[in-house]
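[1] Quick one, what's the 3D model for this:
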Amino acid sequence: MGHNHSHHHHHSHKNVNGRNLLISIFLNILITVAQVIGGIISGSLALLSDALHNFSDVLSLIVSYIANKLAGKEASFRKTFGYKRAEILAAFINASTLIIVAVLLIVEAIERFQNPPKIESGLVIWLSIIAIAGNGFSVLLLKANANDNMNMKSAYLHLLTDMMASVAVLIGGLIMKYYQIYWVDAGLTLAIALYLIVMGYGLLRDSYRVLMLFTPEDLNLEEVVADIQTVEKVANVHHVHIWQLNEEEIHFEAHIDFTEDISLSEFDMILNKIEDLIFHKYDINHINIQPEFNKDDAKDVIVQD
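    Modelled structure (predicted):
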């Protein structure tokens, strides 16, 4: 019986995001092919690991692009929420691949530490410069929307970490060229992998929390319930569920016991007060309330259904 205070659409942003993702996909395909060829010719594991990460970027960007397009689709009788969760799912997949790639790189780096091969450093240097330029441009394209969209943030993190990895490969190439210290290739690969794990874990945790319908971390459920119970004629708030559908929608549903057997029109007025209260204080913008009076049911805030 609740309604939505603010239902903003972001189709123009979605179009811009989609275009920028498409440009980044083509750039990363070119970089990946160049690095694979260069890594095989030069014998550089750091360059091949960077190519592998770039390939994971291509896959993650494709996932993000598809999710970006799906998220704009309308709801239907068969899909009442539409595809609003698509971008959260994409963020979870991309964060997972980031960590999987990192583990594979760690295994390869440890093997290379035991027997560091001689590497053609000149090719490594030039290809890493190309990768820095391509990824740097892609990072700039996606940066604007990375703060308010998990899907765009996952794509942005893939590209940012790859740019940082290319910088590390460049430094390694210079050290190998001028000092002939070839174990630095494996050392940098290990450092890149650890950095990927650190960057991917936070996004994996956040997207997992949304997919599992956990209470948003910045919301205190006890405070929300206490505030609603200050509204006139509200006796008790129970059977509460609160979850985040995506980055734009927080949903709240609850049973509310009233002190009187109020009319439907009076309930609507009280509902408006509740909606105003929790929207402006907690940014909860989708509310569904079941009104009750002297109903014999469990009155706990959290009821195990």
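[2] just the strands in this protein please.
    Assigned by DSSP state E, the strands in the chain fall at 234-244, 250-258, 286-292.
[3] Determine which stretch of those is the most buried.
    Each of the strands of the chain was scored by mean neighbour count; the highest is strand 250-258, a mean of 20, by mean count of other CB atoms under 10 Å. For every residue, glycine as well, the C-beta is placed using N, CA and C.
[4] Can you list the strands that it pairs with?
    strand 234-244 (antiparallel), strand 286-292 (parallel) (DSSP bridges).
[5] who wins for proximity to I125 among these?
    For these, distance to I125 was read as CB to CB. The smallest value, 45.2 Å, belongs to strand 234-244.
[6] got the contact list for that closest one?
    By CB atoms under 8 Å, 6 or more residues apart in numbering, the surrounding residues in contact with strand 234-244 are 209-210, 213-216, 219, 221, 224-225, 228-229, 250-259, 270, 274, 284, 290, 297-303.
[7] CA-only coordinates of that strand, as CSV, when you get a sec.
    Listed next in CSV are the C-alpha coordinates belonging to strand 234-244 (Å, rounded to 0.1, in the frame of the first residue of the first chain):
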residue,chain,number,x,y,z
VAL,A,234,1.5,3.5,15.4
ALA,A,235,1.6,0.9,18.2
ASN,A,236,4.1,-1.6,16.9
VAL,A,237,6.3,-2.2,13.8
HIS,A,238,7.1,-5.9,13.1
HIS,A,239,7.8,-8.5,10.5
VAL,A,240,10.3,-6.1,8.8
HIS,A,241,12.2,-6.7,5.6
ILE,A,242,14.6,-4.1,4.2
TRP,A,243,16.8,-4.7,1.2
GLN,A,244,18.6,-2.9,-1.7
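[8] for the record, mean pLDDT for it?
    In this model, strand 234-244 has a mean pLDDT of 96.
[9] Compute the number of surrounding residues for P116.
    The local packing of P116 (other CB atoms under 10 Å) involves 16 other residues.
[10] what's near enough to touch it?
    Listed by CB under 8 Å, 6+ apart, the contact set of P116 reads 182-183, 185-186.
[11] pLDDT score for F267?
    pLDDT recorded at F267 is 96.
[12] didn't it look like it was pressed against F293?
    No: assessed by CB atoms under 8 Å, F267 is found out of contact with F293, at 10.1 Å.
[13] which residues do those two both contact?
    With CB under 8 Å, 6+ apart, F267 and F293 have common neighbours F258.
[14] And those two? Which one has more around it.
    Using other CB under 10 Å as the criterion, F267 and F293 rank with F267 on top: 16 against 12.
[15] give me every residue that touches the nearest residue to the more buried one once chain neighbours are set aside.
    Once flanking residues are discounted, F267 sits nearest to P291: 5.3 Å by CB to CB, 6 or more residues apart in numbering. If you count contacts by CB under 8 Å, 6+ apart, P291 has them with 1, 256, 258, 262, 267.
[16] What is the burial count for Y201?
    Count around Y201 with other CB under 10 Å applied: 14.
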